[in-house]
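> All I have is the shape, not the residue letters:
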C-alpha cells in the first residue's frame, strides 16, 4: 500500500491533500468530524502511487456511503 505524502519542517506538519467541490441542486457537499469544530470539503491525503482524480472520486464515494 502506498504511503500518503507528509512532511514536517520547523515544527509544522504538512499533509498533501486533494479536495473538491461537489454541487447538487444548489447544495454544496461538506463534512465535519465528530471532534472537529470546523466543516471541510471532502478529500484526503494523496500518495505518489495514486492519481489525484481517482483518489478524490473515492473520497466522495465514501462520504456519500457509496463504498
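Yep, it's here. Only a predicted model underlies this, so the values are computations on that prediction, with no experimental measurement involved. Numbering: from 1, shown residues only.
> Apart from its chain neighbours, what residue comes closest to residue 63?
Spatial nearest neighbour of residue 63, excluding adjacent residues (CB to CB, 6 or more residues apart in numbering): residue 42 at 4.3 Å. Where you see a C-beta, it was placed from the backbone N, CA and C, and this is true even at glycine.
> Surely the one you found and residue 58 touch.
No. Residue 42 is beyond contact range of residue 58, at 10.2 Å (criterion: CB atoms under 8 Å).
> more crowded one of these two?
Shown here are residue 42 and residue 58; by other CB atoms under 10 Å, residue 42 has more neighbours (19 against 14).
> Would you mind listing the residues in contact with residue 39?
With contacts defined as CB atoms under 8 Å, 6 or more residues apart in numbering, the neighbours of residue 39 are 30, 31, 32.
> Need those in CSV (columns: distance to residue 63).
Below are the contacts of residue 39 laid out as CSV (distance: CB to CB, whole Å):
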residue, distance to residue 63
30, 9
31, 6
32, 11
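> Let me have those in CSV, extended by distance to residue 7 and pLDDT.
Converted to CSV, the contacts of residue 39 look like this (distance: CB to CB, whole Å; pLDDT from 0 to 100):
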residue, distance to residue 7, pLDDT
30, 27, 90
31, 25, 87
32, 26, 89
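> could these be laid out in JSON lines, adding secondary structure and distance to residue 62?
Formatted as JSON lines, the contacts of residue 39 follow (DSSP: H, G, I helix; E, B strand; the rest coil; distance: CB to CB, whole Å):
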{"residue": "30", "secondary structure": "coil", "distance to residue 62": "14"}
{"residue": "31", "secondary structure": "strand", "distance to residue 62": "10"}
{"residue": "32", "secondary structure": "coil", "distance to residue 62": "15"}
